[in-house]
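1. sequence isn't available, so here's the structure alone:
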Ligand SMILES: Nc1nc2c(ncn2[C@@H]2O[C@H](COP(=O)(O)OP(=O)(O)OP(=O)(O)O)[C@@H](O)[C@H]2O)c(=O)[nH]1
Ligand SMILES: [Mg+2]
Ligand SMILES: [Zn+2]
Ligand SMILES: [Zn+2]
């Protein structure tokens, strides 16, 4: 499943970073998950809980930061906030929005020891 | 099938105390805990492999199209016909993704076109590693066209770059007009929407204009084609679309060393 692949991606990143930045345990993981990204944060949380046992993140706390959906309106030329991809422009009602932010799926920061 | 994906979970924003909460709670000296900045994409590994695939495709001048849809929209039917017709013009190959069975690759091979089946097991999407491996099996001809039929699923394949030139989303008229709004990520990621099974329109209340409106709402720049993979109606438009993309890829192909001045 999709979220499971992402959870595996997170653990893979932690492993790589543990070697590069010399840590043994992860205490907290901060993920940045955009409101317009293709991942459901609670499903991702569920998957990470399921696979983190016996890894360096076994006891890690997961903090998910939602970054807002942002778009540029090609009709009125303004940057606007959007909750969904198919929203129309909150400023002018136009339907031609180009998404500019809120698609991220990133490991932002870790607390480690 | 994916039990998790597609379900609407509780994604209410949580209270966060970023940069103070957890870290600030540790008194210095009491623990070895420290903060490390990472700033890496979760799909970075896949994206790196996809970039390798894309480089290889560009070097060989191969057009790669990633066909995505819900199960049963007619991807394999369309590909069988397309591959059989286009192989008369240039080399064509197909990668078939399904959780199980080699039925679809068998159907393609029956047309004389080389195909590799990728079974994803429990996975519900193809990823860049699978495509890299499949391409090694296939052995790509220069300036050919490679079609990838993704696992029937309108959710995950949107997020996994395979190194393709474009995603093509197939919507069949039996699925209802509302799919672009229900699965906006996929329709936003695609460069072309093919409306398939239009031979069935007389028997359904499917509103073509409405589905086009929804697709444009999610992706104003999306190209649109109506076809019937079984009767062949509209396929010339599809072949023209492919030909145009193929020309771009071939024109952009780096000249092999020593070919200058010829
Ligand atoms: N009437 C009609 N039937 C079609 C058309 N295209 C496909 N079908 C039928 O739709 C069914 C599914 O077609 P497939 O080509 O196997 O669909 P698919 O998208 O490859 O399915 P999966 O790989 O299982 O996701 C088959 O019974 C086809 O004969 C079409 O244009 N018109
Ligand atoms: Mg198929
Ligand atoms: Zn999934
Ligand atoms: Zn506007």
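-> Looks like it arrived, so ask away. Note that this is a predicted model, so its numbers are computed, not measured. Numbers count the residues shown, from 1 in each chain, chains lettered A, B, ... in the order given. Ligands and ions are numbered 1, 2, ... in the order given.
2. where in chain A is pLDDT low?
-> In the predicted model, chain A carries pLDDT under 70 at residues A:1.
3. give me the three-state assignment for the residue positioned nearest the centre of it.
-> Central residue of chain A (Cα atoms, centre = their mean): residue A:33, 2.1 Å from the mean position. Secondary structure for residue A:33, judged by DSSP: H, G, I helix; E, B strand; the rest coil, is strand.
4. what residues does the helix or strand where residue B:78 lies touch?
-> Here residue B:78, judged by DSSP states H and E, is contained in helix B:75-86. Residues outside helix B:75-86 that contact it (Cβ atoms under 8 Å, 6 or more residues apart in numbering or on different chains) are B:67, B:69, B:92, B:94, B:96, B:104, B:107-108, B:110-113, B:145, B:147, B:149, B:152, B:170, B:194, B:196, B:227, B:229-230, B:232, B:235, B:238-239, B:242. (Glycine included, C-beta is placed from N, CA and C.)
5. tell me where chain B has helices.
-> Secondary structure of chain B by DSSP state H: the helices cover B:21-25, B:44-60, B:75-86, B:103-109, B:128-138, B:179-182, B:184-189, B:208-218, B:235-251.
6. so which of these is the most surrounded?
-> helix B:184-189 (a mean of 24; mean count of other Cβ atoms under 10 Å in any protein chain shown).
7. re the thing from before, ignoring the adjacent residues along the chain, who's closest to the residue nearest to the centre of chain A?
-> Sequence neighbours aside, residue A:41 is the residue nearest to residue A:33 in space, at 5.1 Å (criterion: Cβ to Cβ, 6 or more residues apart in numbering or on different chains).
8. whichever residue of the stretch 151-262 of chain B sits closest to ligand 3: neighbour count?
-> Nearest to ligand 3, among the residues of the stretch 151-262 of chain B, is residue B:156, at 4.0 Å (Cβ to the ion). Around residue B:156 there are 28 other residues, counting by other Cβ atoms under 10 Å in any protein chain shown.
9. now render the helices of chain B as TSV, adding distance to residue A:3.
-> Formatted as TSV, the helices of chain B follow (distance: least, Cβ to Cβ, whole Å):
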stretch	distance to residue A:3
helix B:21-25	23
helix B:44-60	14
helix B:75-86	24
helix B:103-109	26
helix B:128-138	18
helix B:179-182	19
helix B:184-189	14
helix B:208-218	22
helix B:235-251	32
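10. OK, contacts around the residue in the stretch 51-200 of chain B positioned nearest to ligand 4?
-> Taking Cβ to the ion as the measure, the point where the stretch 51-200 of chain B comes nearest ligand 4 is residue B:188, at 18.0 Å. Neighbouring residues of residue B:188 by Cβ under 8 Å, 6+ apart: A:85, A:99, B:158, B:218, B:219.
11. from residue B:186, how far out is the residue of the stretch 101-250 of chain B found nearest ligand 2?
-> Taking Cβ to the ion as the measure, the point where the stretch 101-250 of chain B comes nearest ligand 2 is residue B:104, at 4.2 Å. As for residue B:104, its distance to residue B:186 is 20 Å (criterion: Cβ to Cβ, to the nearest Å).
12. how about residue A:62?
-> From residue A:62 across to residue B:186, the span is 27 Å (Cβ to Cβ).
13. burial check on the spatially closest residue to residue B:126 that is not a sequence neighbour, number of neighbours?
-> Excluding the flanking residues, the one nearest residue B:126 by Cβ to Cβ, 6+ apart is residue B:97, at 4.3 Å. Using other Cβ under 10 Å, residue B:97 is surrounded by 31 other residues.
14. same deal with the one 3 residues further on?
-> As a burial measure, residue B:100 scores 10 neighbours (other Cβ under 10 Å).
15. closest to residue B:38 out of the helices of chain B?
-> helix B:44-60 (10.3 Å; Cβ to Cβ).
16. near chain A at all, that closest one?
-> Yes. Applying Cβ under 8 Å from any Cβ of the partner chain, one finds helix B:44-60 touching chain A at B:44, B:45, B:46.
17. which one among those residues gets closest to chain A?
-> Nearest to chain A among these, counting by Cβ to the nearest Cβ, is residue B:45 at 6.0 Å.
18. correct me if wrong: the closest one contacts residue A:9.
-> Yes. Using Cβ atoms under 8 Å, residue B:45 is in contact with residue A:9, at 6.2 Å.
19. tell me who's in contact with residue B:45.
-> Counting by Cβ under 8 Å, 6+ apart, residue B:45 makes contact with A:9, A:12, A:13.
20. do residue B:171 as well
-> Neighbours of residue B:171 in contact, by Cβ under 8 Å, 6+ apart: B:69, B:73, B:179, B:180, B:193, B:194, B:195, B:196, B:211, B:215.
21. likewise residue B:135?
-> B:53, B:56, B:95, B:146.
22. how close does the nearest residue to the first one once chain neighbours are set aside get to ligand 1?
-> It refers to residue B:53. Nearest non-adjacent residue to residue B:53, counting by Cβ to Cβ, 6+ apart: residue B:163, 2.8 Å away. Per Cβ to the nearest ligand atom, to the nearest Å, residue B:163 is found 21 Å from ligand 1.
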